[in-house]
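Asker: Let me see the structure of the following:
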Amino acid sequence: MGRKSMKKRLLSLVLCVGLVLGLAGCGSSPAAAEDTLPQIIIGSDDYKPYNYVDEDGNAAGIDVELAKEAFGRMGYEPVFRNIVWEKKEEYLADGQIDCLWGSFTMTEREDEYTWAGPYLKSRQVVVVRQESGIKTLQDLAGKRFAVQVSSKPEEILLNHEDPRIPQVDEVYCFSTLDEVYACLRKGYCDAIAGHESALRLFMDSMPDEFYMLDESLYESELGVAFEKGTHEELAEELTRTLQEMQKDGTTGEILEKYGMSADRAWSDADAE
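Answerer: Numbering: from 1, shown residues only. Predicted coordinates for the structure are as follows:
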């Protein structure tokens, strides 16, 4: 074989290898772009239907879907982390999470965090056993309550600032909603309180066993909380994105998927 023929074959081989590598590089570009999206670490506890882990071990729920959609539009990758709720300020302070997003009431907490929202409306309600005879808030006088620690119901029951709510005998505070539910189910308390959507799911697990009081304990607005004085521009952008999602019907579709009415989405009309 002549030297010229050998050189031509070597040159052809180099060009082919280069072409293959170039095509492989082009094919991997989208994945590389996805990998480089800035991440937002979201902290929440298990609070179904807003935030929970599904049967496949994946984050699921109303707030999870809203977060994926909103941050996706903004060019971020949301990463969900289950936390101990009463330690939420510690997680924010040491940077283990960027924000709290899990049915978190921002009403009367506006000065405690940098907020995005509000994005949903919610009622804090009271659930009792059917045979308890408790039908109104006034019937709760001298009764035993179970609530989640550092929640709005805990604050309401311990501060005694609402004249509609009588003095109760005991307020038991638990880390998780499952413990709150178990307390009522086993008869260790007379009543429990929490967000209406979550408590309705609990009631559905044992039909005809429980009763939800018509009077709400508290009307609240939900938001996304960042550590106070941080992420202010991000929070403003997230607020705008959540408003866009409400207006284009995305939020309503997600709510209805979980059995909630689309009118639970917060809109500008609610501020008037």
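
Asker: Which positions in stretch 212-227 come out as buried?
Answerer: Under the neighbour-count criterion of 16 or more other C-beta atoms under 10 Å, stretch 212-227 has 212-213, 216-218, 220-227 buried. Where C-beta positions appear, they are placed from N, C-alpha and C, glycine not excepted.

Asker: quick one: the helices in the stretch 51-200 of the chain?
Answerer: According to DSSP state H, counting those that start in this stretch, the stretch 51-200 of the chain carries its helices in the segments 62-74, 88-93, 152-159, 177-185, 196-205.

Asker: got the angle between the third one and helix 177-185?
Answerer: Going back to what we said before, that points to helix 152-159. Interaxial angle of helix 152-159 relative to helix 177-185 (axes from the mean of the first three to the mean of the last three C-alpha atoms, to 10 degrees): 60 degrees.

Asker: Make a markdown table out of the buried residues of stretch 212-227 and add pLDDT, secondary structure and distance to Asp248.
Answerer: Putting these into a markdown table (pLDDT from 0 to 100; DSSP: H, G, I helix; E, B strand; the rest coil; distance: C-beta to C-beta, whole Å) gives the following:
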| residue | pLDDT | secondary structure | distance to Asp248 |
| --- | --- | --- | --- |
| Met212 | 97 | strand | 32 |
| Leu213 | 97 | coil | 36 |
| Ser216 | 94 | coil | 29 |
| Leu217 | 94 | coil | 33 |
| Tyr218 | 94 | strand | 30 |
| Ser220 | 89 | strand | 25 |
| Glu221 | 95 | strand | 20 |
| Leu222 | 96 | strand | 19 |
| Gly223 | 98 | strand | 20 |
| Val224 | 98 | strand | 19 |
| Ala225 | 98 | strand | 25 |
| Phe226 | 98 | strand | 25 |
| Glu227 | 98 | strand | 30 |
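
Asker: wait, which of the residues you listed is closest to Glu155?
Answerer: Nearest to Glu155 out of the buried residues of stretch 212-227 is Tyr218 (C-beta to C-beta; 9.2 Å).

Asker: for the spatially most central residue of the chain, phi and psi?
Answerer: In the chain, the residue lying closest to the centroid (C-alpha atoms, centre = their mean) is Gly102, at 2.3 Å. Backbone geometry at Gly102, expressed as degrees, to the nearest 10, gives phi -170, psi 70.

Asker: Pull out the buried positions in the helix or strand harbouring Thr251.
Answerer: Element membership for Thr251, per DSSP states H and E: helix 250-257. Neighbour counts over helix 250-257 (16+ other C-beta under 10 Å) mark 250-252, 254-255 as buried.

Asker: Isn't Val128 up against Cys189?
Answerer: No. Taking contacts as C-beta atoms under 8 Å, Val128 lies outside contact range of Cys189: 9.3 Å.

Asker: Could I get the contacting residues of Asp190?
Answerer: Counting by C-beta atoms under 8 Å, 6 or more residues apart in numbering, Asp190 touches 128-129, 132, 134, 140, 143-145.

Asker: Quickly note the distance from Cys183 to Asp169.
Answerer: 14 Å (C-beta to C-beta, to the nearest Å).

Asker: Neighbour count for those two, which is higher?
Answerer: Ranked by neighbour count (other C-beta atoms under 10 Å), Cys183 and Asp169 place Cys183 first, with 20 against 12.

Asker: Quick check: which of the helices of the stretch 51-200 of the chain is buried the most?
Answerer: helix 62-74 (a mean of 21; mean count of other C-beta atoms under 10 Å).

Asker: Tell me what angle it forms with helix 250-257.
Answerer: Compare the direction of helix 62-74 with that of helix 250-257 by the same axes, to 10 degrees and you get 150 degrees.

Asker: Renumber starting at 21 from here on
Answerer: Yep, numbering from 21; the last one is helix 82-94 now.

Asker: Give the other helices and strands that helix 82-94 contacts.
Answerer: Counting contacts by 3 or more C-beta pairs under 8 Å, 6 or more residues apart in numbering; DSSP states H and E, helix 82-94 packs against strand 59-64, strand 97-102, helix 252-267, helix 270-277.

Asker: again, 10 Å this time
Answerer: Applying 3 or more C-beta pairs under 10 Å, 6 or more residues apart in numbering; DSSP states H and E, one finds that helix 82-94 contacts strand 59-64, strand 72-73, strand 79-80, strand 97-102, strand 133-149, strand 238-247, helix 252-267, helix 270-277.
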